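[1] requesting a structural model of the entry that follows:
(chains A, B and C)
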Amino acid sequence: MPELPKRKVGLVSCSGEEMAEGSVTRLATLKVLQSLRPQETVTICLPLFLAGGEGDRAFARFYPTIAIDGCEKRCAARGTEMYSSKPAAGIVVSELCPSAPGCLGTARHLNDAGMEVVTKVAEEIARHVDRLLGGTKSGRHGEPGDHSSAVQEKRASAATCSCGSGIPVKVLEIAERSVEVLALPLIFDMFRQSGKAPGAGTTAELMEIVRLYNGIPEEEQASWNEAIQREYAAYYAGEAR
Amino acid sequence: MLPNHSTPAEEVIRLTVDKFTFLIPRDIYYCEADLWIRLEGDNARLGLSDFAQQRNGDIAFAEIKPVGTVLGFGDEIGSIETVKVNVSLPSPIRGTVVDVNPHLQEAAEVINQDPYGKGWLALVALTSWQKDRAALLHADAYLALVKEKAEAEMKK
Amino acid sequence: MTRKVLIVPCSGIGKTYGTVARTGAYIVTEDLRPDTTQLVPLARVVLGDDEVRQTLAGAPAIAIDGCKLACAAKVVAESGGALAHALQVLDVFRKHRELKPAGIAELNEGGEKLAAALAGEVVTLIHDMEGQEDA
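    From the prediction side, this is the model:
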């Protein structure tokens, strides 16, 4: 039985050496990585990300990310969007916990107030993680696409995601655009091996899994539904021969 | 964990776990201690697998037994030291060390940068290859082992 | 030397080396050479912060990287900065094997001492640069 990649959330923290809020972001992110949500999160190293780390960039294209920034400059959020895709969520410490300069301590040493803010920010990050992993609407962020419900299918062979993550994809024409549907070959294989024949019930189950790995705009739900149903029917018939 | 989707013609298996991709070339052997072994005539060249170098981190020091050392199966052929760990490397083959990578002294990071090429560790003249080969792993078997180890690492 | 020397640490949060690099940068810019050095955040360089880019263009920089990936050095060079030196924590660790660093949120004693040793090397380089400029 093929295994689907475990869904995780990438945390991108600003480097923030200049101000205490930067240290807050770093410590809060580490708290989530090491104790609050260790199995559900992965750190994206911002310097490596910015300097060209393909593993980090590929991860951030496939998995949802949360950008944690110290100030309104939003280096982590902007960097993630520039080199990968828009973060699924963003936190700015100076907006979440506004404080007068110096109240949190220094960039090098946070005081008690600063450490309290670390806890607060870490809890907020954890809430976002839970939402992203438990919800069905979030996921990879791409262009919203147009609003047409017309569906065309394109015969395409399975390939791996162009982001270099190694995740197998299948390209479908949905709502008049080409869409790389992540993990679809694996999902189809899993369903076929479970003996699930094509039909409305199977399609609904398929869509639940597809949503975990692909962000589907609300207005395209019907188009995706139709495409997945048709594609799975063709796949199932082809495998049966 | 993502299973391998390489075609038979692909020379290198790529296993992606989270943001890490581990390379496993098909044309060499492996052992459970995460060393690779490449047969070169009557000799075998050894190195650290890509999974091992990524898991252990940046290698600060690599000390390999000198030329002339006679190795029994399981004898320490060398050790690596990173910030995270000190790892002893047991030899998966019997023989005599005939060459040691000269770059390791000054630039052990070559193991991290090119684990299957310039980062080789030692060249060993073989004395029991037929017997030793039976205990080694081909790439597919090593892939299964790496999956298991990588999963365990992620849970830490 | 009339211009400040810019110190650019990598500050990655995935490894202890990143914390050592950042702590070393703080020691230089806050304790040892507060008047003649300035810490520059890497992200602001990459993301085209005009103020930072102007600063980078006008002064020599020392990049401090946690590992051989050398993110800070690469970014400074690619952003048009005058990279005077590129240090790596791993190389300093090789000279001080007994100072094994640990911890990311907080360094252990070995890490603090390694950061201090790193800062010492940076200050030596700055001293040499000043000597060359005055000559």
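[2] any weak-confidence spans in chain B?
    Within chain B, the set of residues satisfying pLDDT under 70 comprises B:1-10, B:155-156.
[3] wait, I meant chain C
    C:1-2, C:133-135.
[4] what average pLDDT does the lengthiest helix in chain A get?
    For chain A, the longest helix by residue count, based on DSSP state H, is helix A:112-134. Taken as a whole, helix A:112-134 has a mean pLDDT of 92.
[5] can you point out the buried residues in it?
    For helix A:112-134, a neighbour-count test (16 or more other CB atoms under 10 Å in any protein chain shown) marks A:114, A:117-118, A:121-122, A:124-126, A:128-129, A:131-133 as buried. For the C-beta atoms, the positions are set from N, CA and C on the backbone; glycine is no exception.
[6] around chain A, which positions in chain C sit nearby?
    C:9-14, C:18, C:22-23, C:25-26, C:30, C:39, C:41-44, C:46-47, C:49, C:69-72, C:74-75, C:104-105 (CB under 8 Å from any CB of the partner chain).
[7] can you select the buried ones from these in PyMOL?
    Command for PyMOL that selects the buried part of these, burial taken from 16+ other CB under 10 Å:
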select buried, chain C and resi 9+10+11+12+13+14+18+22+23+25+26+39+41+42+43+44+46+47+49+69+70+71+72+74+75+104+105
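[8] so which of the residues of chain C next to chain A belong to strands?
    Residues of the residues of chain C next to chain A located in strands (DSSP state E): C:9, C:39.
[9] nearest residue to the residue most central in space within chain A other than its sequence neighbours?
    Central residue of chain A (CA atoms, centre = their mean): residue A:64, 1.4 Å from the mean position. Leaving aside its sequence neighbours, residue A:64 sits nearest to residue A:88 (CB to CB, 6 or more residues apart in numbering or on different chains; 3.8 Å).
[10] for residue A:219, helix, strand, or coil?
    Three-state call for residue A:219 (DSSP: H, G, I helix; E, B strand; the rest coil): helix.
[11] give me the number of residues near it?
    For residue A:219, the count of nearby residues is 14 (other CB atoms under 10 Å in any protein chain shown).
[12] the one 3 residues further on too?
    If you count neighbours by other CB under 10 Å, residue A:222 ends up with 11.
[13] one more: residue B:119?
    Neighbour number of residue B:119 under other CB under 10 Å is 23.
[14] how much space between it and chain A?
    18 Å (CB to the nearest CB, to the nearest Å).
[15] could you do residue B:27 as well?
    20 Å.
[16] what sits against residue C:59?
    The contact partners of residue C:59, taken as CB atoms under 8 Å, 6 or more residues apart in numbering or on different chains, are C:3, C:4, C:5, C:6, C:38, C:82.
[17] out of the residues you listed, which are close to chain B?
    Okay, of the contacts of residue C:59, nothing touches chain B (CB under 8 Å from any CB).
[18] show the buried residues in those residues.
    Of the contacts of residue C:59, these count as buried by 16+ other CB under 10 Å: C:4, C:5, C:6, C:38.
[19] can you tell me which residues in chain C are near chain B?
    C:15, C:16, C:17, C:67, C:68, C:90, C:93, C:94, C:97, C:100, C:101, C:102.
[20] does the last one count as helix, strand or coil?
    Residue C:102 carries the three-state label coil when classified by three-state DSSP.
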